[in-house]
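[1] just a sequence and a predicted model for now, questions to come.
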Amino acid sequence: MNAANSSFRRFPDDFLFGAATAAYQIEGAAFEDGRTASIWDAFARVPGAVHNGETGDVACDHYHRYPGDVALMSELGLQTYRFSTSWARVRPDGGAQNPEGIAFYDRLVDELLGAGIVPWLTLYHWDLPQALEEKGGWASRDTVDRFVDYALGVHDVLGDRVQHWTTLNEPWCSSFLSYTAGVHAPGRTSVEDGILAAHHLLLAHGRTIEALRERDPQLDLGITLNLTVADPADARDPGDVDAARRIDGQFNRWFLDPILRGAYPADVVEDIRAVDPIAVRRWASAIEDGDLDTIAAPLDCLGINYYHGELVSGTPQPGVEGTPHDGAGDGATGRRTRSPFPAADDVHWVERGLPRTGMDWEVQPEGLTRVLRRIGTEYAPMIPLYVTENGAAYDDVLEGGQVHDAERAMFLREHLAATYDAIEEGVDVRGYFAWSLLDNYEWAWGFDKRFGIVRVDYDTQERTVKDSGREYARIIAARAV
Ligand code: PNW
C-alpha cells in the first residue's frame, strides 16, 4: 500500500508527534539581554543577500511571547517541541556564558515541561556568533573547541531537564549552502571552505556526542541531516545514473558515511578532486588522526529532515536551469553565488510534472518512505529514526480570521502516511515534527515564504491556527491518518 491509496493508519503508542522551529527564525530580541550578532544578523545586512533585506531582529518575537506559543502547542496537542538555542545569546561573541541569555531557555524548558511537552533541543541551527566567523568560522578547526564549550555550558543549565539533544541541524546547509554556494550565511563561495566547514561541523558533532555521553550516559543524543532521494531520469542511461550518484554522494553520503561508517565516500572525494585538487589536498591535510573515529561516535537516534527528492540527468534540459537549492539571492540581486555541489557541473535537474510548493519544491511523499527505508536498512538498522522536519510553504490567505491552507494539510497527511508506510515495513521511526509551528524567517527568503501551521501577522504578532494546524491536531488526537 502507498500513500496515495491510504485508508487508515494508526501510529504506534509511543510514536511522538511534534513541531519544530529554530532560534534565529522565530526569537527576535536580536540584541537584548546581552545577545550579540550571529552570522545571520550580519548576512541579512549584506545588500542582496536576503529577500527585501529582511532580518530576524523581531521575527515572531517568540523571545517575549513564548508562554503564549507554548499554550498554542498545548492547544494543538503537540507531544514534543523541537527548538534550537542561539549560540550568540548563550555566549555573546562566542566568549563566556551569559546568564541572562541561557535563562531564556531555562524559562522555555520549564514552560514546556509544565505543559507536558517534551523539549527536543538542537544546539546548532546555523547561527554561529559573527565574532567566531571573523576568526575563520567553520573553515577553522578552533571553532570545534568553541562549540564543545558552548554545548557543555548549555548542558550545565538544562541537562537536568532536557533528555533529547541534537548537535547539528542539517550540516549540508551550514557547509555547502553557506561556504560553497554563498546563498546562506556567511555567504562564502569556495569549494575548499565548504569541505573544511563540513569536516569541522562533523568533528564538532562527534566531540560533543563524546563529551555529553561522558557526562551523562542517560541522555538521548543525535544529529539531524537533510536527506533526499536522487533518481536518474533514465535508469538505463549511464550519464543519468552518474548524475544521481553524484547528488546522492554530495548531499546524503558525504554526511551519512562518516557519521555511520567512519569514512568519507571515496567516489565523491575523487569527483571533487577532479574539479579542485588543491581544495581536496588542503581538506585531506586538515583531517587529523582520530577525527573519523570521533565523528562516528555512537548515536542514540538519527533525525531526518525531508522536503523533496531530485530527478536528475547527465543531459542538459531545455528550460530548466540551476538546482532546487539555489536560494533567493540568486540572479535576482546580482550577488555572486554558485552551485552548492562542488562536482556537479554535468548534472541537470529534470521537470517531471509533480505538484510544487511555494518554494518551487516538488511534492514527493513516497521519497520520504524511501529515505527512511534506506537509512533504516542500509545505514542505521539499529538506530531509532525521527522525521525532525517536514512541511511546505504556500501563499496563505487570511479570510475572515481563517487560513484555508488545504494544500499544506494534504502535504502533512501524505507525508505522515509515507512515514507510516516505512514503520509498517519494519523501519524504526519513532516520531514526526512538522516544519513549522509558526510562519517564520525563511533564511534568504526572509518573511516571503510561510511554512507555519500557525499564521503569524508580522505587524501585530497575532497568531492564527491555520486549517492545517487543526488538521494536524485531529491527526494527533486520533494518532492516525
Ligand atoms: C531547512 N535546500 O532548510 C531548515 O532546517 C529550516 O530552518 C528551514 O526553514 C526549512 O528547511 C525550510 O526551508 C533547508 O536548499 C533550506 O535543500 C534549504 C534546503 C534544505 C533545507
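    That came in fine, so what should we check first?
[2] all contacts plus neighbour counts: C-alpha atoms, from now on.
    Noted.
[3] quick one: Phe433 and Leu78 touch, right?
    No: taking contacts as CA atoms under 8 Å, Phe433 lies outside contact range of Leu78: 9.3 Å.
[4] any shared contact partners between the two?
    Common contact partners of Phe433 and Leu78 (CA atoms under 8 Å, 6 or more residues apart in numbering): 17-19.
[5] rewinding a little: neighbour count winner among Phe433 and Leu78?
    Between Phe433 and Leu78, counted using other CA atoms under 10 Å, the more crowded position is Phe433 (27 against 24).
[6] that one looks like it's in a helix, true?
    No: counting by DSSP: H, G, I helix; E, B strand; the rest coil, Phe433 is not found in a helix; it is strand.
[7] that one: what's it in contact with?
    17-20, 81-82, 387-390 are the contacts of Phe433 under CA under 8 Å, 6+ apart.
[8] what pLDDT is listed against it?
    Phe433 is assigned a pLDDT of 99 by the prediction.
[9] gap between it and Arg215?
    28 Å (CA to CA, to the nearest Å).
[10] now do Asn226
    According to CA to CA, Asn226 and Arg215 sit 28 Å apart.
[11] neighbour count winner among the two?
    Asn226 (20 against 14).
[12] and the residue nearest to that one when sequence neighbours are not counted, what pLDDT?
    In this structure, Asn226 finds its nearest non-sequential neighbour in Asn305, 4.5 Å apart by CA to CA, 6 or more residues apart in numbering. Model confidence at Asn305, expressed as pLDDT, equals 98.
[13] and Asn305, how far from Ala42?
    Per CA to CA, Asn305 is found 26 Å from Ala42.
[14] who has more neighbours, the two?
    For the pair Asn305 and Ala42, the greater number of neighbours falls to Asn305 (24 against 14), based on other CA under 10 Å.
[15] quick one: low-confidence parts of the protein?
    1-7, 327-334 (pLDDT under 70).
[16] buried sites along stretch 423-439?
    By neighbour count with 16 or more other CA atoms under 10 Å, stretch 423-439 contains the buried residues 423, 427-439.
[17] next up, the contacts around Phe17.
    By CA under 8 Å, 6+ apart, the contact list for Phe17 reads 78-80, 431-433, 476.
[18] just Ala197 next, same as before
    By CA under 8 Å, 6+ apart, the contact set of Ala197 is 137-140, 174-175, 179.
[19] out of those, what pair is the most spread apart?
    Among these, the pair separated by the greatest distance (CA to CA) is Ser140 and Ser174, at 13.7 Å.
[20] which one of those two has more residues nearby?
    Legend: neighbour count by other CA under 10 Å for Ser140 and Ser174, higher for Ser174 (25 against 18).
[21] mind checking which helix or strand the closest residue to that one other than its chain neighbours is in?
    Closest residue to Ser174 apart from its sequence neighbours, by CA to CA, 6+ apart: Trp126 at 5.9 Å. If you go by DSSP states H and E, Trp126 is not part of any helix or strand.
[22] ok, the one 5 residues further on next?
    Counting by DSSP H and E, the element that carries Ala131 is helix 130-133.
[23] return the list of helices and strands in contact with the helix or strand just after that helix.
    Next helix or strand after helix 130-133 toward the C-terminus (DSSP H and E): helix 142-158. Helices and strands touching helix 142-158, by 3 or more CA pairs under 8 Å, 6 or more residues apart in numbering; DSSP states H and E, are helix 87-90, helix 99-114, helix 191-215.
[24] wait, which of the ones you listed is closest to Gly400?
    For Gly400, the closest of those is helix 99-114, at 31.0 Å, according to CA to CA.
[25] contacts for the following helix or strand past the closest one?
    Beyond helix 99-114 on the C-terminal side, the first helix or strand identified by DSSP H and E is strand 118-124. For strand 118-124, contacts defined as CA under 8 Å, 6+ apart pick out 79-87, 109, 112-113, 151, 162-169.
[26] let's see that with 6 Å instead.
    If you take CA atoms under 6 Å, 6 or more residues apart in numbering as the criterion, strand 118-124 is touched by 80-85, 164-168.
[27] same list, those residues, but as JSON lines with distance to Asp33 please.
    As requested, those are exported to JSON lines (distance: CA to CA, whole Å):
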{"residue": "Thr80", "distance to Asp33": "27"}
{"residue": "Tyr81", "distance to Asp33": "24"}
{"residue": "Arg82", "distance to Asp33": "23"}
{"residue": "Phe83", "distance to Asp33": "19"}
{"residue": "Ser84", "distance to Asp33": "18"}
{"residue": "Thr85", "distance to Asp33": "15"}
{"residue": "His164", "distance to Asp33": "26"}
{"residue": "Trp165", "distance to Asp33": "25"}
{"residue": "Thr166", "distance to Asp33": "25"}
{"residue": "Thr167", "distance to Asp33": "24"}
{"residue": "Leu168", "distance to Asp33": "25"}
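[28] now that we have these, which one has the most neighbours?
    In terms of neighbour count, Thr167 stands highest of the contacts of strand 118-124 at 27 neighbours, by other CA under 10 Å.
[29] for it, phi and psi?
    phi -70, psi -60 (degrees, to the nearest 10).
[30] next: Arg9.
    Dihedral pair for Arg9: phi -130, psi 120, per degrees, to the nearest 10.
[31] from Ile423, how far off is it?
    10 Å.
[32] and among the helices and strands packed on helix 142-158, the most buried is which?
    Highest mean neighbour count among the helices and strands packed on helix 142-158 (mean count of other CA atoms under 10 Å): helix 87-90, with a mean of 29.
[33] chain center to that one: distance?
    Centroid displacement of helix 87-90 relative to its chain, using CA atoms, centre = their mean, to the nearest Å, is 19 Å.
[34] what's in contact with it?
    So helix 87-90 is contacted by 35-36, 38, 97-98, 101-102, 129 (CA under 6 Å, 6+ apart).
[35] done for today, thanks.
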